[in-house]
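> model the following, please.
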Amino acid sequence: MDKPIVIFGATGLLGTHLVRLLAEHNRFPVAVTHNRKVALPPGVPVYKAPLAAADAVGKTLHRFHPSLVINCAAYADVDGCESDPGRAARVNTLGAQNIAHAAAELEIPLVQVSTDYVFDGRNGPYDESAFPRPINIYGRTKHDAETAILKIKRDALIVRAASFIGRGPEGYPCFVEQIIKQLRAGKRLSAPIDQLANVTDVPTLSRAILAAADKKITGILHLGSRELLSRYDLAVLAADVFGLDQSLVEPVMYADLQRTTERPLNGGLVVRRAEKTLEISFPSPQETLLNLKRALDGG
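Numbering: from 1, shown residues only. Predicted structure coming up:
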């Protein structure tokens with residue numbers, strides 16, 4: 001019998017997709033969560049372990065001794081991280097360190113999921129050799145995790161991706177699902193024209209992460225669509241794909257939103273390394289939104 005694959009953060013958007021993909025291919029996922037409950041495939045063991053508790057993380061890996069560990073867990077509320085930096089550090093940095101120490105001790109391959117927010121968004125898009133310069137607490141804690149992991153376990157894989165789009169677990173919709181809900185209700189939506197990034201189809205991201213792990217790729221790898229587009233263009237495109245009123249989307253500058261947390265604007269990731277090393281191509285933004293529509297429609 002093959003060894004299991006342990007997924008930390010298994011009840012989040014990416015985690016649930018990874019668990020389902022592994023279950024469909026009989027690759028024995030073990031779902032590790034802190035306190036969130038969502039529906040997972042029958043027969044998938046669910047194990048609770050607070051990431052900030054090194055003993056709990058270590059016991060989890062010793063118990064299952066998996067063939068691979070994937071850490072999807074994150075406190076990804078950007079504004080929430082600014083107001084509660086302690087929680088951000090515990091989940092995003094300390095938790096990742098604890099997983100890396102346990103994986104290194106047991107010599108288990110590790111994939112850490114990171115973000116384009118490790119960059120300042122002044123001169124994007126960025127390739128894997130670009131120097132990170134985070135401008136908010138979320139990005140800083142994720143970059144601290146990257147740095148710590150590669151010191152603890154040099155053969156780890158750091159996967160960076162931006163703007164996850166996919167059907168979220170019940171009660172936890174992705175950000176585009178929230179946009180669609182607002183437009184369907186006839187509410188106006190202000191979206192910045194100067195905030196650029198890739199979009200990432202989550203089902204494809206799940207397959208790409210497993211493919212990279214199977215190929216034993218290490219270091220840093222950027223994943224996502226090749227195209228960049230603004231939050232405004234994405235919202236308009238979503239309205240078009242879902243047959244909603246595009247005129248409800250109002251173009252603004254990011255500064256007009258008067259948010260308290262700075263975000264990368266001229267961002268995005270260069271994904272050429274992934275295109276060369278993985279036999280997987282990410283769908284375009286329009287195809288990604290069509291995939292989401294089919295998933296929401298039950299197709």
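> average pLDDT across the longest helix seen in the chain?
Assignment by DSSP state H gives helix 137-152 as the longest helix of the chain. Mean per-residue pLDDT for helix 137-152: 98.
> partner strands of the following helix or strand past that helix, with direction?
Using DSSP states H and E, the next helix or strand after helix 137-152 towards the C-terminus is strand 157-161. Using DSSP bridges, strand 157-161 pairs in its sheet with strand 110-115 (parallel), strand 219-222 (parallel).
> just checking, what packs against whichever helix or strand comes after the last one?
With elements assigned by DSSP H and E, the helix or strand that comes after strand 219-222 is strand 229-230. Contact here means 3 or more Cβ pairs under 8 Å, 6 or more residues apart in numbering; DSSP states H and E; on that basis strand 229-230 packs against strand 196-197. Placement of C-beta: from N, CA and C, glycine included.
> which strands and helices lie in contact with the helix or strand following the strand it packs on?
From strand 196-197 onward toward the C-terminus, using DSSP H and E, the following helix or strand is strand 200-201. With contacts taken as 3+ Cβ pairs under 8 Å, 6+ apart, strand 200-201 sits against strand 164-165, helix 285-296.
> what does strand 200-201 rub up against?
Identification of contacts with strand 200-201 by Cβ atoms under 8 Å, 6 or more residues apart in numbering yields 161-166, 223-225, 282-283, 287-288, 291.
> and the lowest-mean-pLDDT helix or strand in the chain, what does it pack onto?
When the helices and strands of the chain are scored by mean pLDDT, DSSP states H and E, strand 46-48 comes last with a mean of 92. For strand 46-48, the packing partners by 3+ Cβ pairs under 8 Å, 6+ apart come out as strand 29-33, helix 54-64.
> would you turn the ones you listed into CSV with distance to residue 183 and mean pLDDT?
Output for the helices and strands packed on strand 46-48, formatted as CSV (distance: least, Cβ to Cβ, whole Å; pLDDT from 0 to 100):
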stretch, distance to residue 183, mean pLDDT
strand 29-33, 31, 95
helix 54-64, 41, 95
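> about what we covered before: now the angle from the longest helix of the chain to strand 110-115?
Counting by axes from the mean of the first three to the mean of the last three Cα atoms, to 10 degrees, helix 137-152 lies at 160 degrees to strand 110-115.
> list the buried residues of helix 137-152.
137-146, 148-150, 152 (16 or more other Cβ atoms under 10 Å).
> same list (those) but as a markdown table, adding distance to residue 230.
A markdown table is the format used below for the buried residues of helix 137-152 (distance: Cβ to Cβ, whole Å):
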| residue | distance to residue 230 |
| --- | --- |
| 137 | 24 |
| 138 | 20 |
| 139 | 19 |
| 140 | 24 |
| 141 | 26 |
| 142 | 23 |
| 143 | 24 |
| 144 | 29 |
| 145 | 28 |
| 146 | 26 |
| 148 | 33 |
| 149 | 32 |
| 150 | 32 |
| 152 | 37 |
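> and those, which is closest to residue 206?
The closest of the buried residues of helix 137-152 to residue 206 turns out to be residue 142 (Cβ to Cβ; 19.3 Å).
> hey, what's residue 159 bridged with?
residue 113, residue 221.
> how about it, what does it touch?
111, 112, 113, 114, 209, 212, 221, 222, 223.
> nearest to residue 78, of these?
residue 114 (14.3 Å).
> just give the nearest non-adjacent residue to that closest one, would you?
residue 160 (4.6 Å; Cβ to Cβ, 6 or more residues apart in numbering).
> surely the one you found meets residue 112?
No: with contact defined as Cβ atoms under 8 Å, residue 160 does not count as touching residue 112 (9.6 Å).
> look up how far residue 34 lies from residue 53.
Distance of residue 53 to residue 34, computed by Cβ to Cβ, to the nearest Å: 10 Å.
> same check on residue 163?
24 Å.
> so the two - more neighbours on which side?
The residue with more neighbours, out of residue 163 and residue 34, is residue 163; 23 against 17, by other Cβ atoms under 10 Å.
> the more buried one and residue 202 touch, don't they?
No: counting by Cβ under 8 Å, residue 163 does not reach residue 202; the two are 10.2 Å apart.
> that'll do, ta.
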